[in-house]
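Engineer: Provided below for reference: sequence and predicted model.
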Amino acid sequence: MSCVEQENSKENSNPNTSVKRTPSTWTNLWLKNTKPLKNVVFTMKFQQSLSTPTSKLSKNDKPVISNFSKFDRTLLLSDDILLTILSKLPLSQRNANYLVCKRWLNLQGRLVRSLRVLDWDFLVSGRLISRFPNLTNVDLINASLVSPRNSGVLLSHKFLSVHVDSWDPRFYEHNMLLPVEMIDKGLANLASGCPNLHRLVVIGASELGLLSVGEECLTLQELELHKCSDNVLRGIAACENLQILKLVGSLNGFYSSLVSDIGLTILAQGCKRLVKLELSCCAGSFDGIKAIGQCCQMLEELTFVDHRMDDGWLAALSYCENLKTLRFVSCKRMDPSPGPDEYLGYCLALERLHLQKCQLRDKKSVRALFRVSKAVREVMFQDCWGLDNDIFNSASVFRRVKFLSLEGCPLLTTEGLEYVIRSWTELENLSVMSCKNVKAGEVSPALSTLFSTLKELKWRPDTKSLLASSLMGTGMGRKGGKFFKKA
């Protein structure tokens, strides 16, 4: 044995002697990470097993899985492919997919875009963001209310619903909402986790909470803000891309706050891209509406719900040069002191004037409103109190009306209707519903001639006569006479 062989044998026999190993190569390093390769090989073998009948398998060939019926074949699909498949399903079939497994639970959460939150802790703890990471529409109203869940009494309003166990209105006004600090903290978590938020409904937030949303959610386009005040509106200035805004100042029995000209001016200077604006239970005057008209030049739709505007504010509507839709809902008054006609002006681009559940007893204010809106092409009155012939005659100032809808106006008569619409030479569509003093038998030949030239006519002014005609031949109208006779 040579000296070299003896030395090598000594080195191999000595356990403390370090053994010189082969240097690593790129091939060895690549083959160490074999997990992706195993998945590829498994998929290829699985597909080959599915395509090869069991009778043709040799003795040495063994199936990859003995029982294919218990194997989840969706594991072969990536998350992106499975998300695309699940998104094609109808909503009625998509909602129950989270029950399949944990993977489908996570995938289903990624498909959810709109959510109404009921538990505030679900938002603050971060579970909401991890469960639904792609939310674009979030409603936080119900989660912000402090109410007994086990109560059997539900107090509902068109804006919100709350369980109650006490009938003291002061209790709900002061204690029904979460503290402002908690609401701001939840908004900060939501903004950081959902930067692609498009629509948000929130109540009781402060300026800081809205600032966090405006800074993080750059794509926010629609905001519904309850219990709003002038100070809160300072935070909306950060929402530069806001297009749709709904402000609710106060709600009787639930909460109260005030929006004045100061808040409207802050709003006008901060949200210059507004397209739709709704002011519910908000105060203000000529200066606030003028600021909105001058700054928000893209504004096309303006809605007032039970407004508390000061006298003389109607003249400011003429500054909304691109306004197309003007809507009043549940307004007890319009403008008792609108001022001289030469100062009113009118909205040049206005196309639609809608009045729903409003009190139109003051002829002076209604006349001023019609004068400001004289360029309209579509007029709608629905369940408006006080709309009689004298008040409706003021609508003769409209000269370009093509569509008129009257519903639930019991004081208006056939004569008053005919006097106005015969002066509208461009009228094409007419709808008269549930106006009991508009009689079909009082239609004059001139009015019937006008009806024949219309493109569309809906004529059901008297529901009683319609009901009587529908019951003819059934004998239902005669049965009561056998049991209810005059003495």
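Structural biologist: Ah, there it is. Predicted, not measured: the structure shown is a model, and the values here were computed from it. Residues are numbered from 1 along each chain as shown.
Engineer: hey, let's count contacts and neighbours off CA atoms from now on
Structural biologist: Fine.
Engineer: remind me which residues of the stretch 1-150 of the chain are low pLDDT?
Structural biologist: 1-107, 109-110, 147-150 (pLDDT under 70).
Engineer: list the helices and strands the strand or helix carrying Ser130 packs on?
Structural biologist: Here Ser130 sits within helix 127-131, counting by DSSP states H and E. When contacts are defined as 3 or more CA pairs under 8 Å, 6 or more residues apart in numbering; DSSP states H and E, helix 127-131 packs onto helix 102-111.
Engineer: following the helix it packs on, which helix or strand shows up next?
Structural biologist: Later in the chain than helix 102-111, the nearest helix or strand by DSSP H and E is strand 114-116.
Engineer: which strands and helices sit next to that following strand?
Structural biologist: Strand 114-116 packs on strand 137-139, going by 3+ CA pairs under 8 Å, 6+ apart.
Engineer: Pull up the pairing partners for the strand it packs on, direction included.
Structural biologist: According to DSSP bridges, strand 137-139 forms sheet pairs with strand 114-116 (parallel), strand 199-203 (parallel).
Engineer: what about Pro445, how many neighbours?
Structural biologist: Residues contacting Pro445 under the criterion other CA atoms under 10 Å number 9.
Engineer: Give me the distance between it and Val420.
Structural biologist: 16 Å (CA to CA, to the nearest Å).
Engineer: can you check Ser229 too?
Structural biologist: Counting by CA to CA, the separation of Ser229 from Val420 is 42 Å.
Engineer: between the two, which one's more packed in?
Structural biologist: It is Ser229, of Ser229 and Val420, that has more neighbours when counted by other CA under 10 Å, with 26 against 17.
Engineer: so what's Pro336 closest to, chain neighbours aside?
Structural biologist: Ser365 (5.4 Å; CA to CA, 6 or more residues apart in numbering).
Engineer: typo on my end, it should be Leu210
Structural biologist: Nearest non-adjacent residue to Leu210, counting by CA to CA, 6+ apart: Gly235, 5.0 Å away.
Engineer: ok, that neighbour touching Glu215?
Structural biologist: No - using CA atoms under 8 Å, Gly235 makes no contact with Glu215, being 9.8 Å away.
Engineer: Between the two, which has more neighbouring residues?
Structural biologist: Taking other CA under 10 Å, Gly235 and Glu215 do not tie; Gly235 has more neighbours (23 against 18).
Engineer: ok, now which ones touch that one?
Structural biologist: Ser206, Glu207, Leu208, Gly209, Leu210, Leu211, Gly214 (CA atoms under 8 Å, 6 or more residues apart in numbering).
Engineer: and of those, the nearest to Gly263?
Structural biologist: Nearest to Gly263 out of these is Glu207 (CA to CA; 12.1 Å).
Engineer: Near the closest one, how many other residues are there?
Structural biologist: Glu207 has 17 nearby residues by other CA under 10 Å.
Engineer: give the contact list for it.
Structural biologist: Going by CA under 8 Å, 6+ apart, Glu207 touches Asn231, Val232, Leu233, Arg234, Gly235, Ile236.
Engineer: Can you tell me which of these are buried?
Structural biologist: Val232, Leu233, Arg234, Gly235, Ile236 (16 or more other CA atoms under 10 Å).
Engineer: any idea how far the nearest residue to the third one once chain neighbours are set aside lies from Asp184?
Structural biologist: Just to be clear, that refers to Arg234. Distances taken as CA to CA, 6+ apart put Glu207 closest to Arg234, at 6.0 Å, once the chain neighbours are dropped. Distance, Glu207 to Asp184, using CA to CA: 9 Å.
Engineer: Over to Leu387?
Structural biologist: The gap separating Leu387 from Asp184 is 46 Å, by CA to CA.
Engineer: again with Arg352
Structural biologist: Relative to Asp184, Arg352 is positioned 38 Å away (criterion: CA to CA).
Engineer: Leu123 too?
Structural biologist: Relative to Asp184, and taking CA to CA, Leu123 is found at 12 Å.
Engineer: Just give me the neighbour total for the nearest residue to Lys374 once chain neighbours are set aside.
Structural biologist: Nearest-residue entry for Lys374: Phe398, 4.8 Å, with adjacent residues in sequence omitted and distances by CA to CA, 6+ apart. Neighbour count of Phe398, defined by other CA under 10 Å: 20.
Engineer: Surely Phe398 is in contact with Ala375?
Structural biologist: Yes - the criterion here is CA under 8 Å, and Phe398 meets it with Ala375 at 6.6 Å.
Engineer: for Val397, what are its contacts?
Structural biologist: Phe370, Arg371, Lys374.
Engineer: typed the wrong thing, it's Lys374
Structural biologist: Per CA under 8 Å, 6+ apart, neighbours of Lys374: Tyr346, Cys347, Val397, Phe398, Arg399.
Engineer: Can you add distance to Glu456 and secondary structure and give the residues you listed back as a markdown table?
Structural biologist: Below are the contacts of Lys374 laid out as a markdown table (distance: CA to CA, whole Å; DSSP: H, G, I helix; E, B strand; the rest coil):
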| residue | distance to Glu456 | secondary structure |
| --- | --- | --- |
| Tyr346 | 29 | coil |
| Cys347 | 27 | coil |
| Val397 | 23 | helix |
| Phe398 | 20 | coil |
| Arg399 | 19 | coil |
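Engineer: Of those, which is the nearest to Cys296?
Structural biologist: Cys347 (14.5 Å).
Engineer: Look up the pLDDT of the nearest residue to the closest one once chain neighbours are set aside for me, please.
Structural biologist: Spatially, and ignoring its direct neighbours in sequence, Cys347 is nearest to Ser318 (4.8 Å; CA to CA, 6+ apart). Confidence at Ser318, expressed as pLDDT, is 93.
Engineer: Roughly how far does Ser318 sit from Ile244?
Structural biologist: To Ile244, Ser318 is 21 Å away according to CA to CA.
Engineer: can you give me the strands for the stretch 301-450 of the chain?
Structural biologist: 301-305, 308-309, 325-329, 352-356, 378-382, 403-407, 429-433 (DSSP state E, counting those that start in this stretch).
Engineer: Out of the ones you listed, flag the one nearest Leu197.
Structural biologist: strand 301-305 (22.8 Å).
Engineer: strand partners of that closest one, parallel vs antiparallel please.
Structural biologist: By DSSP bridges, strand 301-305 pairs with strand 276-280 (parallel), strand 325-329 (parallel).
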